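1. Here you go, sequence then predicted model.
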Amino acid sequence: MSSVVRCLLFLVIVNSTGKAVKKNILFIIVDDLRPALGCYNDVNAHTPHINALAKKSVVFKHAFAQQALCAPSRNSFLTSRRPDSIRLYDFYSYWRETAGNFTTLPQYFKQNGYHTMSIGKIFHPGISSNYSDDQPYSWSEEPFHPPTEQYRDSPVCHGTSGQPGRNLICPVSVELQPGKSLPDLQSLEAAKKFLREKREEPFLLAVGFHKPHIPLKFPREYLGYHPLASIKVPVNHIRTPTLPTVAWNPWTDIRRRDDIASLNVSFPFGPMPGWSLGEHGEWSKYSNFEVSVRVPLIIHVPGITDVPDYVKTNEVPNSSVHPSISNAIVELVDIFPTLVELSEAGDLLQQCPDTERQPTLCTEGVSLAPLIYKAGWKGKFTTRKKAAFSQYPRPGMYPTLKPNSDKPHLSQIEYMGYSLRTHTHRYTEWVYFQKQIFQPDWTKVVARELYDHTIDPLEDLNLADRPQLHDLVHMLSAQLHAGWRHSLATE
């Protein structure tokens, strides 16, 4: 069984319309999926179709989300603004009303002549997107939500008691489900129907799949792809003593599931018997760990990424082409400017100024087009990042159910964990957060984390208190305080 503590997967496919310069865009988002894919060398994964696409694409090995929580992360990458710019770290507000009337990725393409369509979970539903998926701004027609999503938490899972329940792990017979289907199957059919339709204008189709977001409700036959005997569990499935309590997320989301509740796991640090696949003894996202903020990112551009530099003749079949791997540090805020440049839909996005938060059209990321086009890129410079930045809020120093340590409201936030990921280290400072002015107080650091990825890629050993590493901590702290703009380097 795969551990599901990831935020987002992106597959971006750009195709020529055959009539104009503008290109069609298929933008696929998979909720809560970490790089548990064969093309990312995950031995437990059975992902043949994604692997096949990866062979014709650029696979970014070091892509990071800006906050490991669905609504803030979607708000961030769909506006290309970081959480501290949007000033929303929870589910409970609509950014246009509380933060700024920022232009979204689909809104930009709609304003530049594209037909934009949303299928499934793109914006987070509910108040986070004004109960409308950000209509009428972002989409050319009414977004599609699968009808069976209304049965998301229905008691249809069978456990040891023999009674139907609301379980975390929930293999089902699809034909016996309410509506005789599952949400992602209905979204898939809706996407295929859209792609079969003929239209004059170029399109941006965004398809958001719900799984592996909990509950893990899936067709029973999928169990055959993951026999338990073949599953390899991580070696770091216990809480380490060097981990600060403020960094711990007590996986409150799955404790309410019937199968997990029946285990009577003590709160907040009790181990989950029989459920030892979570690194650090953790489950779910809600943290700054690598397994929570690192995401898969695959970009396919026909005629570019499927003809890599090392393929010298047209005689080499696509099936034998290996993925083009990028080890550059990239972030989800880079998606918006990348799609703008790849599609040539309109003016390129300029970097947002550091002196204001006005809802002008700008980006807090950089375009990845130079990394994709490589030597054939028509531009002059390539901007590379020295580090990626993520953050996560906490209501207190110790894990709590009320307020919820995993999902605190804005008014409950007392501390913010700011995390910096370089090519070799992850450094995190937990600081007092001045929520009235949305700023950290760097003079009030309550905990630090330092992980050396050259010797500890699983982030098991917190080295922040080692006296011999004082200079390194000081250097990384200064880089973290300086912010993302100061970690850009132009080649």
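-> Perfect, I can see it now.
2. Endpoint to endpoint, stretch 192-207 covers what distance?
-> Separation of the first and last residues of stretch 192-207 by Cα to Cα, to the nearest Å is 10 Å.
3. Can you give the contact residues for it?
-> Here stretch 192-207 makes contact (Cβ atoms under 8 Å, 6 or more residues apart in numbering) with 17, 19-20, 22-29, 106, 109-110, 113-120, 122, 187-188, 191, 345. Heads up, the C-betas are built off the backbone N, CA and C, glycines and all.
4. Show me the helices in the chain, by range?
-> For the chain, the helices defined by DSSP state H occupy 48-54, 70-79, 83-86, 95-98, 105-111, 183-196, 252-255, 258-261, 290-293, 335-343, 369-373, 470-482.
5. Out of the ones you listed, flag the one nearest residue 164.
-> With Cβ to Cβ, the closest approach to residue 164 among the helices of the chain belongs to helix 258-261: 9.3 Å.
6. Assess the claim that residue 210 and residue 148 are in contact.
-> No: proximity of residue 210 to residue 148 does not meet the contact threshold set by Cβ atoms under 8 Å, at 10.3 Å.
7. taking the contacts of stretch 192-207 one by one, which sit in strands?
-> 23-29, 115-120 (DSSP state E).
8. Just give the closest residue to residue 384, not the sequence neighbours.
-> Nearest in space to residue 384, with sequence neighbours left out and distances taken as Cβ to Cβ, 6 or more residues apart in numbering, is residue 489 at 5.3 Å.
9. Please look at that neighbour and residue 383 and confirm they touch.
-> Yes: using Cβ under 8 Å, residue 489 is in contact with residue 383, at 7.1 Å.
10. of these two, who's got more company?
-> residue 383 (18 against 10; other Cβ atoms under 10 Å).
11. Might you report the residue contacts of that one?
-> 366-367, 370, 488-491 are the contacts of residue 383 under Cβ under 8 Å, 6+ apart.
12. domain assignment for the protein?
-> Domain assignment of the chain by automatic domain parsing yields the ranges 8-146+181-214+289-378, 386-491.
13. Pipe those domains into TSV and attach mean pLDDT and distance to residue 229 per row.
-> Below are the domains of the chain laid out as TSV (pLDDT from 0 to 100; distance: least, Cβ to Cβ, whole Å):
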stretch	mean pLDDT	distance to residue 229
domain 8-146+181-214+289-378	87	12
domain 386-491	96	23
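14. Quickly compare the ones you listed and say which is most buried.
-> domain 8-146+181-214+289-378 (a mean of 19; mean count of other Cβ atoms under 10 Å).
15. what does stretch 470-489 contact?
-> With Cβ under 8 Å, 6+ apart, stretch 470-489 has contacts from 82, 351, 354, 364, 366, 383-387, 389, 418, 420, 422, 425, 427, 429, 442, 448, 450, 464.
16. and for residue 210 and residue 148, which residues touch both?
-> residue 183.
17. Name the nearest residue to residue 230, sequence neighbours excluded.
-> Once flanking residues are discounted, residue 230 sits nearest to residue 44: 7.3 Å by Cβ to Cβ, 6+ apart.
18. That neighbour and residue 170: what is the separation?
-> With the distance defined as Cβ to Cβ, to the nearest Å, residue 44 ends up 19 Å from residue 170.
19. Could you do residue 258 as well?
-> 10 Å.
20. again, but for residue 478
-> Taking Cβ to Cβ, one finds residue 478 at 47 Å from residue 170.
21. How about residue 443?
-> On the measure of Cβ to Cβ, residue 443 and residue 170 end up 48 Å apart.
22. try residue 27
-> 28 Å.
23. same question, residue 134
-> Distance of residue 134 to residue 170, computed by Cβ to Cβ: 30 Å.
24. same thing with residue 255?
-> 16 Å.
25. more crowded one of the two?
-> Between residue 255 and residue 170, counted using other Cβ under 10 Å, the more crowded position is residue 170 (22 against 19).
26. Relative to residue 391, how far out is that one?
-> Counting by Cβ to Cβ, the gap from residue 170 to residue 391 is 32 Å.
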